[in-house]
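1. Here is a sequence together with a model predicted from it:
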Amino acid sequence: VGHSLNTKSGEAVEHAIENASTLPSHYYVAPQLLEKEKGSIFWRTWQIVGRSEQVRNSGDYFTADLLGEPLLIARGIDGTLRGFYNVCRHRAGSPAEGCGSRKVFRCGYHGWTYGLDGRLLNAPEMDGVKNFCAEDLRLRPIHVGEWEGQVFANLVDPNAEPPNVEPLMDALRELPLQVAKYNFGKMRLCGRREYHMQCNWKVYIDNYLEGYHLPSVHPSLNRELDYNSYLTTPFEKHSLQASPIRGPENELSVDRRYKQSDGDLSAEYFWIFPNWMLNCYPDNVSLNVVLPTGPETCMAIFEWYFPPDQGTAIEETMRFSDEIQLEDGHICEVVHRNLKSQSYDTGRYSVKQEQGVHHFHLLYLDAIHSGG
Ligand code: FES
Ligand SMILES: [Fe+2]
């Protein structure tokens, strides 16, 4: 239908929310756009690929798949965490599988071996090959970083130097200070679920970024959060939605615990461009990572973290969160289907309630139109 992806961001979504219309629907359904999003957005941002506890000691490693790219993360003998494409330089076998601890990686295809630092150590039966230089045949490196117990990878050109690749801690901006009080890095992972949805990943992010739908879509969550005091604050590359937790009249067990604490209780929902979120409550944090699995499908990974001494309420918190997620997944699938209707192109934002969505759309358009 002649969808042009060449519009300048200013033309697609106005910078002043009062005048703006939402991201046009073709951005949610164009089949060719996902490859562009990888190059312009996913390979240019720090992406969560695992947890520090998986690579605590020298020799520890894990493999990961990031939007189809096979990755290998390993802690070297020198204690340095490194990342590579998990792709053998011979004929593209896999140097490592799963996770565990190793002194060397041995490709499962013809047995080339690589060090924990990615160097090619041994390539059997390659005598007589001209201009064969093992030094040039290291596993291709990627940038890695760690923060609060999470391992991040950045797949921008491995030779890129700052400012082309911004160090993880710089890229996170104010976030580390803003979430420091939750001690997320000291919590332990108590549960993990993957939700597969028939909607574009941006439909799911849009939905996350507003509390406007709370009364209609999540009546039970709406009883817990003070919807009228919902406050969205956009930052450069992330945003915060804060909502006071309702007082003691609340029936949920989760809140009966909260009422014993002092000070204001709030839930803080951080979204970090483009695709991950930290949901911070007084006694637990959940991490969401949203990944496209196709142009019209996505997956949300949920991980629930609790303080080590937390014995109760884990099941109840996860069950409640699961219920909310199913409600969100359902509405997102309905919206994705309807975005494809020939009757719909774009809508308007609520200035009061949809600032976070507008902020995401501007960041998205900036990124997608700035090359890559
Ligand atoms: S593909 Fe790895 S050794 Fe041949
Ligand atoms: Fe929701």
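-> Happy to help now that I have it. Numbering: from 1, shown residues only. Ligands and ions are numbered 1, 2, ... in the order given.
2. Would you mark the buried spots in stretch 56-76?
-> In terms of neighbour count (16 or more other C-beta atoms under 10 Å), stretch 56-76 has its buried residues at 60-64, 66, 69-76. Where you see a C-beta, it was placed from the backbone N, CA and C, and this is true even at glycine.
3. Quick one: the residues you listed as TSV, columns for distance to T293 and pLDDT too.
-> Formatted as TSV, these follow (distance: C-beta to C-beta, whole Å; pLDDT from 0 to 100):
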residue	distance to T293	pLDDT
D60	28	98
Y61	25	99
F62	21	98
T63	18	98
A64	15	98
L66	12	98
E69	14	98
P70	16	98
L71	17	98
L72	22	98
I73	22	98
A74	26	98
R75	29	98
G76	32	98
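4. Just the residues you listed: which are in helices?
-> Among the buried residues of stretch 56-76, no member is found in helices (DSSP state H).
5. quick check, nearest of those residues to E148?
-> Using C-beta to C-beta, I73 comes nearest to E148 of the buried residues of stretch 56-76, at 16.4 Å.
6. Not counting sequence-adjacent ones, nearest residue to that closest one?
-> Taking C-beta to C-beta, 6 or more residues apart in numbering as the measure, I73 lies nearest to G83, with 5.0 Å between them; neighbours along the chain are not counted.
7. How far does the helix or strand containing G83 sit from its chain's centre?
-> Element membership of G83 [criterion: DSSP states H and E] is strand 81-85. Its chain's average C-alpha position is 19 Å from that of strand 81-85, according to C-alpha atoms, centre = their mean, to the nearest Å.
8. Can you give the distance from the following helix or strand past it to the centre of its chain?
-> Sequence-wise, the next helix or strand downstream of strand 81-85 (DSSP H and E) is strand 99-101. A distance of 23 Å separates the C-alpha centroid of strand 99-101 from that of its chain, computed with C-alpha atoms, centre = their mean.
9. try stretch 63-72
-> Using C-alpha atoms, centre = their mean, the distance from the centre of stretch 63-72 to the centre of the chain it belongs to is 14 Å.
10. distance between the ends of that stretch?
-> Between the opening and closing residues of stretch 63-72 lies a distance of 4 Å (C-alpha to C-alpha, to the nearest Å).
11. That stretch close to ligand 1?
-> No. Using C-beta under 6 Å from any ligand atom, no contact is recorded between stretch 63-72 and ligand 1, whose separation bottoms out at 12.7 Å.
12. pLDDT averaged over the longest helix along the chain - what is it?
-> For the chain, the helix reaching the highest residue count under DSSP H is reported as helix 314-339. For helix 314-339, the mean per-residue pLDDT is 95.
13. go on, stretch 138-156?
-> When pLDDT is averaged over stretch 138-156, the result is 97.
14. What parts of the stretch 201-350 of the chain come near ligand 1?
-> Taking C-beta under 6 Å from any ligand atom as the contact definition, the stretch 201-350 of the chain does not meet ligand 1 anywhere.
15. can you give me the helices for the stretch 201-350 of the chain?
-> Secondary structure of the stretch 201-350 of the chain (DSSP state H, counting those that start in this stretch): helices at 201-208, 214-217, 219-224, 253-258, 314-339.
16. what does the stretch 1-150 of the chain give?
-> When secondary structure is read from DSSP H, counting those that start in this stretch, the stretch 1-150 of the chain shows helices at 9-12, 26-29, 33-40.
17. taking these together, which one is wrapped up most tightly?
-> Ranked by mean neighbour count under mean count of other C-beta atoms under 10 Å, the helices of the stretch 1-150 of the chain are led by helix 26-29, which reaches a mean of 19.
18. returning to what we had before: now render the helices of the stretch 201-350 of the chain as TSV, adding mean neighbour count.
-> Written out in TSV, the entries for these read as follows (neighbours: other C-beta atoms under 10 Å):
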stretch	mean neighbour count
helix 201-208	23
helix 214-217	14
helix 219-224	16
helix 253-258	16
helix 314-339	16
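19. which residue packs closest to G211, ignoring adjacent ones?
-> Nearest to G211 is Y230, by C-beta to C-beta, 6+ apart, at 4.1 Å.
20. returning to what we had before: okay if I get the helices of the stretch 201-350 of the chain as a markdown table plus distance to V357?
-> As requested, the helices of the stretch 201-350 of the chain are arranged in a markdown table below (distance: least, C-beta to C-beta, whole Å):
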| stretch | distance to V357 |
| --- | --- |
| helix 201-208 | 5 |
| helix 214-217 | 14 |
| helix 219-224 | 18 |
| helix 253-258 | 27 |
| helix 314-339 | 12 |
